[in-house]
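**Student:** here are the coordinates; sequence isn't available:
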């Protein structure tokens, strides 16, 4: 059924067979509610890509364990859910050429978002929503190449917010998020939350972002 709808002449969706054959390293595809940032509370289908060019100590994703999936297989998984919002996440999704996957999704009316560390520039017109979460607080020598977007979401580990003075001008929404480390105690993570809240109160152009999905015990 999916193969027919992807390639039948005269159909509403006629995809390039070359796009459908492209493979990506996929960790998981799942339907959940966005738990953080500006689009928090909105249901999305998350496509989590393998591989990352950074290794942040608080990262909660095993991005080195993945399987190869073709675009047509990815579409088959995404279309199982009654949801028109897709988030490309990782790992670092922008290490991939996402056009072959984005084109058939857009033909079907999906709203496409990305969560990226910003070290790879996002091609113009590829996505509907760009969330950049720079890790220059941990990797000061790694250049942030994506300087514009919808949402700048920074994990707070004590860095001066002045490091974002130039970068923040290119974004519509600014978020500061406590560093939640699953290996730390509840007390230590709670202390991090309190410190971040205090920083936001002193810098009201920033909003507090919390990973509410973790509190709810969902993906």
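**Tutor:** That came in fine, so what should we check first? This one's a predicted model, so the numbers in the text were calculated from it and none came from an experiment. Residues are numbered from 1 along each chain as shown.
**Student:** got any ranges where this protein has weak pLDDT?
**Tutor:** The model of the chain has pLDDT under 70 over residues 1-12, 55-63, 180-190, 212-219.
**Student:** what's the offset of the helix ranked longest in the chain from the middle of its chain?
**Tutor:** In the chain, with assignment by DSSP state H, the single longest helix is helix 186-202. Chain-centre distance of helix 186-202: 23 Å, with CA atoms, centre = their mean, to the nearest Å.
**Student:** contacting residues around it?
**Tutor:** 156, 158, 161, 176-181, 206-208, 210 (CB atoms under 8 Å, 6 or more residues apart in numbering). All C-beta atoms are positioned from the backbone trio N, CA, C, and that covers glycine.
**Student:** if you set the cut-off to 6 Å instead, what comes out?
**Tutor:** With contact meaning CB atoms under 6 Å, 6 or more residues apart in numbering, helix 186-202 is reached by 156, 176, 178-180, 206, 208.
**Student:** Let's see which of the residues you listed end up in helices.
**Tutor:** Per DSSP H, the contacts of helix 186-202 never map to helices.
**Student:** Need the max-distance pair from those residues.
**Tutor:** Between any two of the contacts of helix 186-202, the greatest separation by CB to CB is 17.4 Å, found for 180 and 206.
**Student:** can you pull the buried residues of the longest helix of the chain?
**Tutor:** By neighbour count with 16 or more other CB atoms under 10 Å, helix 186-202 contains the buried residues 189, 192-193, 196, 199-200.
**Student:** Can you get me a residue count around residue 166?
**Tutor:** 10 (other CB atoms under 10 Å).
**Student:** Nearest to residue 166 among the buried residues of helix 186-202?
**Tutor:** For the buried residues of helix 186-202, the nearest to residue 166 is residue 199 (19.1 Å; CB to CB).
**Student:** all strands for this structure, in order.
**Tutor:** Secondary structure of the chain by DSSP state E: the strands cover 23-33, 43-49, 67-70, 85-89, 111-116, 129-132, 149-156, 171-178, 207-208.
**Student:** so how far is the shortest one off the chain centroid?
**Tutor:** How far strand 207-208 lies from its chain's middle: 18 Å, per CA atoms, centre = their mean.
**Student:** Good, we can wrap up now.
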